[in-house]
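# sharing a model prediction with you, sequence too.
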Amino acid sequence: MEDRVRTIGVLTSGGDAPGMNAAIRAVVRTAIANGIRVCGIRRGYHGLLKEEIIELTARDVADTIQRGGTILQTARCQTMRTEEGQQKAAAICKKYGIDGLVVIGGDGSFAGAQKLANLGVRTIGLPGTIDLDIACTDYTIGFDTAVNTAMEAIDKVRDTSTSHERCSIIEVMGRGAGYLALWCGIANGAEKILLPEEHDYDEQSMIDDIMECKKRGKKNYIIINAEGVGDSINMAKRIEEATGIETRATILGHMQRGGSPTCKDRVYASVMGAKAVELLMEGKSNRVVGYRHGEFIDFDINEALSMKKEIPAHQYEISKTLAL
């Protein structure tokens with residue numbers, strides 16, 4: 001009984017992602033249903049170090065599952081990377097009686113959770129990032145909403161690109177990962193997808209292809225460019241100068257982070273939030289909840305952080321074939 005979790009803290013860290021509120025709601029309601037108190041920590045690890053801690057009730061998370069962003073707000077925290085910051089964070093958790101902590105974020109957030117686990121705070125990580133770049137899981141909270149938001153925007157750009165017979169370069173988010181670009185490229189029928197993971201990007205070859213498509217009577221040419229490749233505006237200028245075809249760059253930016261989460265992000269985030277509480281109730285710590293092969297599972301954080309994730313080569317080759 002002494003080992004029983006009595007108070008769970010929950011925070012969102014790093015970039016926000018649609019579905020985070022669904023995960024928070026699930027943590028709060030699952031914990032309360034099992035007689036466990038919940039503390040919400042505002043602004044991630046930064047707020048933890050500033051003691052921005054509030055008690056959350058079931059009513060506090062009512063009507064939040066459909067909202068984008070995070071009701072707890074989020075921030076990045078360099079201090080948490082230091083031993084002094086980690087010791088202070090663990091001491092604050094102890095001060096407020098937080099003996100279990102659910103961290104919703106990406107790899108950087110998990111690294112902080114790992115340090116707290118080593119200092120005696122039981123921690124569970126939930127993968128919350130639109131980038132889909134966490135290696136231990138096939139799904140991350142927010143990706144489905146972000147990719148659908150980008151897909152719909154690209155459809156609209158293609159409409160106007162066709163009307164003006166333009167070439168359009170559309171840059172999507174993802175930092176150093178190309179999953180958003182790959183999925184949008186296939187879903188939107190793009191003529192070219194530029195990924196940071198691929199090293200065969202040849203601008204002259206792409207220019208030649210644009211000219212060939214123009215000769216065949218094609219009315220538009222869509223290039224999906226990953227954030228990790230970047231340089232979309234200058235690329236558009238170079239292509240226009242080389243081809244004489246009007247070329248425009250559209251950088252979708254942070255609109256991809258916002259908006260009401262899709263059904264998938266609401267359901268999967270809710271299941272992950274509930275599972276995090278269940279793991280803490282079982283006495284587990286230093287775990288990350290993931291989704292693989294149709295099942296919600298958990299990994300040791302150390303193992304999860306050591307994994308490497310690569311773009312599915314088969315999907316990328318299919319995208320090239322479909323572009324023909």
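That came in fine, so what should we check first? Numbers count the residues shown, from 1 in each chain.

# what is the helix or strand bottoming out on mean pLDDT in the chain packed up against?
Lowest on mean pLDDT, DSSP states H and E among the helices and strands of the chain sits helix 313-323, with a mean of 85. Here helix 313-323 touches helix 179-187, strand 192-194, going by 3 or more C-beta pairs under 8 Å, 6 or more residues apart in numbering; DSSP states H and E. In this view, the C-beta of every residue, glycine as well, is placed from N, C-alpha and C.

# tell me which residue is most central in this protein.
In the chain, the residue lying closest to the centroid (C-alpha atoms, centre = their mean) is residue 129, at 1.6 Å.

# did I read that right, residue 269 in a helix?
Yes: applying DSSP: H, G, I helix; E, B strand; the rest coil, one finds residue 269 inside a helix.

# so what's the residue count around the nearest residue to residue 188 once chain neighbours are set aside?
Counting by C-beta to C-beta, 6 or more residues apart in numbering, the nearest residue to residue 188 once its immediate chain neighbours are dropped is residue 154, at 4.4 Å. Around residue 154 sit 24 other residues, with neighbours defined as other C-beta atoms under 10 Å.

# thought residue 154 was touching residue 189?
No: Residue 154 lies out of contact with residue 189 (C-beta atoms under 8 Å); the separation is 9.4 Å.

# now do the shared contacts for the two.
residue 222 (C-beta atoms under 8 Å, 6 or more residues apart in numbering).

# neighbours of the residue nearest to residue 292 when sequence neighbours are not counted, how many?
Closest residue to residue 292 in three dimensions, ignoring its sequence neighbours and counting by C-beta to C-beta, 6+ apart: residue 138, at 5.4 Å. Residue crowding around residue 138 was assessed by other C-beta under 10 Å; the count is 14.

# for residue 5, same thing?
By the criterion of other C-beta under 10 Å, residue 5 has 20 neighbours.

# low-confidence ranges, this structure, go.
Residue ranges of the chain with pLDDT under 70: 1-2, 199-200, 324.

# helix or strand right after the biggest helix by length in it?
Ranked by residue count and defined by DSSP state H, the top helix of the chain is helix 143-164. Next helix or strand after helix 143-164 toward the C-terminus (DSSP states H and E): strand 167-172.

# returning to what we had before: which residues touch the residue nearest to the centre of the chain?
Residues counted as contacts of residue 129 (C-beta under 8 Å, 6+ apart) are 14-15, 17, 105-106, 140-143.

# residues in contact with residue 232?
Counting by C-beta under 8 Å, 6+ apart, residue 232 has contacts 169-171, 225, 249-251.

# for the stretch 1-150 of the chain, what spans make up the helices?
Taking DSSP state H, counting those that start in this stretch, the helices of the stretch 1-150 of the chain run over residues 20-33, 44-49, 83-95, 107-118, 143-164.

# which parts of the longest one are buried?
When neighbours are counted by 16 or more other C-beta atoms under 10 Å, the buried residues of helix 143-164 are found to be 143-151, 153-154, 157-158, 161.

# centre of the protein to the edge, which residue is at the far end?
The centre of the chain is farthest from one residue, residue 215, which by C-alpha atoms, centre = their mean lies 40.0 Å away.

# any idea how far that residue is from residue 247?
For residue 215, the distance to residue 247 (C-beta to C-beta, to the nearest Å) stands at 17 Å.

# same check, this time on residue 238
9 Å.

# coming back round to it: quick one, which of the helices and strands packed on helix 313-323 is packed in tightest?
helix 179-187 (a mean of 25; mean count of other C-beta atoms under 10 Å).

# what packs against that helix?
Using 3+ C-beta pairs under 8 Å, 6+ apart, helix 179-187 sits against helix 143-164, strand 167-172, strand 192-194, strand 221-226, helix 313-323.
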